[in-house]
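Visitor: Curious how this folds, go ahead:
(one chain, ligands or ions: 1)
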Amino acid sequence: MVVDLGADPQPGERLRPPDGQAEQGLDDQQIKSAMLRLTWQMSPKNKLGMYYDRLYKTRGHDMLAGYDPATASFTWRSPVYYTTQIKWTSTVTNKLVIDAGYGSNVNVTVQNMQEGIEKERGTPAWYAAASRLDRDSSLVWAATDNIPTFVPTKYYLTSSASYVTGSHSIKSGVQFGTGWFEQRQDANADLQQNYRSGVPDSVVIRNTPFRYRDTMNHDLSFYAQDSWTHERLTVNGGIRFEWLKAENTALTSGAGRFAPARSFPTVPNLPDWFDLAPRLGVAYDLFGNAKTALKFSLNRYNDSRTTGIAGMYNPMSQATARLTWRDLNNDDIAQGELGCTYLQPGCEINLAQMPANFGIRSLRTYDPSTQRPYNVIANLGVQHQLLPMTAQLSTLRSEVDKAFVGIKSVQREEGVVGILRERLQERPRRTAVRETSRSESAPPAGLET
Ligand SMILES: [Ca+2]
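Guide: Purely as a prediction, here's the structure:
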């Protein structure tokens, strides 16, 4: 597929659609990582561990089938992408160990059009270099339809203390995480020109440029656990207190071709959840020979969340609309500005079809009674040692999963998305554990995460 774009298309210069001679696109990708790990034994009782991983990640031609690799694909870069961790461990006495740590995870991902494709906003070249899609052949050329930039950033602190005596092993700790997710979008001409078998048909307008940020104010947890052994019985008990709070952070987006400048205040408590997560485990040495154990556990795992819910309800969100386009002057550029009269010279886009309040704000509202999804997992099993192997003879497992189910549109107004609300529904399940959910919220070992 070859597109004659020229170095810098000017108004009136026709951007020819692909000639149909498709070539296979190459999506070249590269990851480089520079890692440093240091351990410093500061004194016989104090140790400092440090870890730094700097990543360099690039993607040369991200595209879908039908996209012209040279013009409609886009690149990924990670100009700031690193993970750090610092942990101090101190053996205060032979029974008491404390540790404290700091970590961060920053991954700025920038997507760009191929070199020379993105044009300066408002210039004739910017109007001329709109993305083009033929709805019959699904070919996309001239530019990609929009360019997003993602900035996810997370910082966290952890600290714990362990105390071990003859029959007890006690541990407690605190974890704090904060961060944000920012997204920006832009597009040439703020629209994509659509064709039917090569004939101008419509445009899909966008509310670009925009940016929004969702902030995880805190993901704060405190936990305490004890493992108590008495003769053949071992009991593990613990509890986590988890307080998650996130918001839409106030931000301003500049005016675009089809949307005015937009400014929104901070919207807090998306969500504001305080939950407990009790854990219980019992193991009994059936015959007192340390070879056969009866095990039971009952644990609650709260779903791990960051800014996903805040993102769903951010008043600033992407909007598109399809409007009729007739290329009156036959220059293959969709002319038309807000307020113009359709089919008058210079007004090729039927802006009367534009939804009211297009792209100004999303009307989704959050139901503050929404509760945190969680899993309750029960395990019952017998473990027997067959020298020298260990065999798990049987395990019964049941799970109650309280989760978000469905998003229902309960109200629809002209030209705006319906108001979406989430509802909770309890549904018992006897299927396999949702590993993704559980591993995000709490690995089986201990309460630390
Ligand atoms: Ca035109």
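Visitor: what's the spacing between Asp331 and Asn94?
Guide: 83 Å (Cβ to Cβ, to the nearest Å). No exception for glycine: its C-beta is placed from N, CA and C like everyone else's.
Visitor: Neighbour count for the two, which is higher?
Guide: Asp331 (14 against 7; other Cβ atoms under 10 Å).
Visitor: mind listing what's buried in the one helix or strand Val235 maps to?
Guide: Using DSSP states H and E, Val235 sits in strand 233-249. Buried positions in strand 233-249, judged by neighbour count with 16 or more other Cβ atoms under 10 Å: Thr234, Asn236, Gly238, Ile239, Arg240, Glu242, Leu244, Lys245, Ala246, Glu247, Asn248, Thr249.
Visitor: List just the nearest of these to Trp180.
Guide: Taking Cβ to Cβ as the measure, Thr249 is the one of the buried residues of strand 233-249 closest to Trp180, at 6.8 Å.
Visitor: The closest one contacts Thr266, doesn't it?
Guide: Yes: counting by Cβ atoms under 8 Å, Thr249 touches Thr266, with 5.7 Å between them.
Visitor: Tell me the residues of the stretch 251-400 of the chain that contact the ion?
Guide: Asp327, Asn329, Asp331, Ile333, Gln335 (Cβ under 5 Å from the ion).
Visitor: possible to save those residues as TSV with secondary structure and pLDDT?
Guide: Below are those laid out as TSV (DSSP: H, G, I helix; E, B strand; the rest coil; pLDDT from 0 to 100):
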residue	secondary structure	pLDDT
Asp327	coil	96
Asn329	coil	95
Asp331	coil	94
Ile333	coil	96
Gln335	coil	97
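Visitor: any chance of those in TSV, plus distance to Gln114?
Guide: Output for those, formatted as TSV (distance: Cβ to Cβ, whole Å):
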residue	distance to Gln114
Asp327	25
Asn329	28
Asp331	23
Ile333	20
Gln335	25
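Visitor: Can you say which of these are buried?
Guide: Of those, these count as buried by 16+ other Cβ under 10 Å: Asp327, Ile333, Gln335.
Visitor: Show the contacting residues for the last one.
Guide: Under the criterion of Cβ atoms under 8 Å, 6 or more residues apart in numbering, the contact list for Gln335 reads Tyr127, Leu328, Asn329, Gly346, Cys347, Glu348, Ile349.
Visitor: again with the first one
Guide: Contacts were defined as Cβ under 8 Å, 6+ apart; by that measure Asp327 touches Pro200, Ile333, Ala334, Glu348.
Visitor: Helix or strand for the first one, just tell me which one.
Guide: I take that to be Pro200. strand 199-206.
Visitor: Which strands border that strand, and is each parallel or antiparallel?
Guide: Its sheet considered, strand 199-206 pairs with strand 191-196 (antiparallel), strand 320-324 (antiparallel) by DSSP bridges.
Visitor: buried ones in it?
Guide: Buried residues in strand 199-206, counted by 16+ other Cβ under 10 Å: Pro200, Asp201, Ser202, Val203, Val204, Ile205, Arg206.
Visitor: Surely the third one touches Thr324?
Guide: Yes: counting by Cβ under 8 Å, a contact exists between Ser202 and Thr324, whose distance comes to 5.5 Å.
Visitor: Not counting residues beside it along the chain, what's closest to whichever residue of the stretch 101-250 of the chain sits closest to the ion?
Guide: In the stretch 101-250 of the chain, the residue that lies nearest the ion is Pro200 (8.0 Å; Cβ to the ion). Leaving aside its sequence neighbours, Pro200 sits nearest to Asp327 (Cβ to Cβ, 6 or more residues apart in numbering; 4.2 Å).
Visitor: And for Thr39?
Guide: Gly49 (5.1 Å).
Visitor: Quick check: bridge partners of the one you found?
Guide: With DSSP bridges as the rule, Gly49 is bridged to Thr39, Lys87.
Visitor: Does it touch Thr89 like I think?
Guide: Yes: look at Gly49 against Thr89 with Cβ under 8 Å: they come within range, at 7.4 Å.
Visitor: Please report phi then psi for the residue nearest in space to the middle of the chain.
Guide: Centroid-nearest residue in the chain: Gly308, 6.5 Å away (criterion: Cα atoms, centre = their mean). Main-chain torsions, Gly308, degrees, to the nearest 10: phi -60, psi -40.
Visitor: Check Asn188 too.
Guide: The phi/psi pair for Asn188 (degrees, to the nearest 10) is phi -60, psi 130.
Visitor: Looks to me like Pro368 is in a strand.
Guide: No: Pro368 sits outside any strand when classified using DSSP: H, G, I helix; E, B strand; the rest coil, being coil.
Visitor: now it, nearest residue through space, not along the chain?
Guide: Counting by Cβ to Cβ, 6+ apart, the residue nearest Pro368 is Asn269, at 6.7 Å.
Visitor: How about Asn105?
Guide: Lys154 (4.6 Å).
Visitor: elements contacting the host helix or strand of Arg184?
Guide: Using DSSP H and E, Arg184 sits in strand 168-186. Here strand 168-186 touches strand 147-164, strand 210-230, going by 3 or more Cβ pairs under 8 Å, 6 or more residues apart in numbering; DSSP states H and E.
Visitor: Report the buried residues of it.
Guide: Quick answer for strand 168-186 (16+ other Cβ under 10 Å): 169-173, 175-186.
Visitor: now swap in stretch 203-217 and tell me
Guide: 203-217.
Visitor: can you tell me which of those residues lies nearest to Pro44?
Guide: Using Cβ to Cβ, Met216 comes nearest to Pro44 of these, at 39.1 Å.
Visitor: who's in contact with that closest one?
Guide: So Met216 contacts Lys154, Gly177, Thr178, Gly179, Trp180, Leu244, Lys245, Ala246, Thr306, Thr307, Ala310 (Cβ under 8 Å, 6+ apart).
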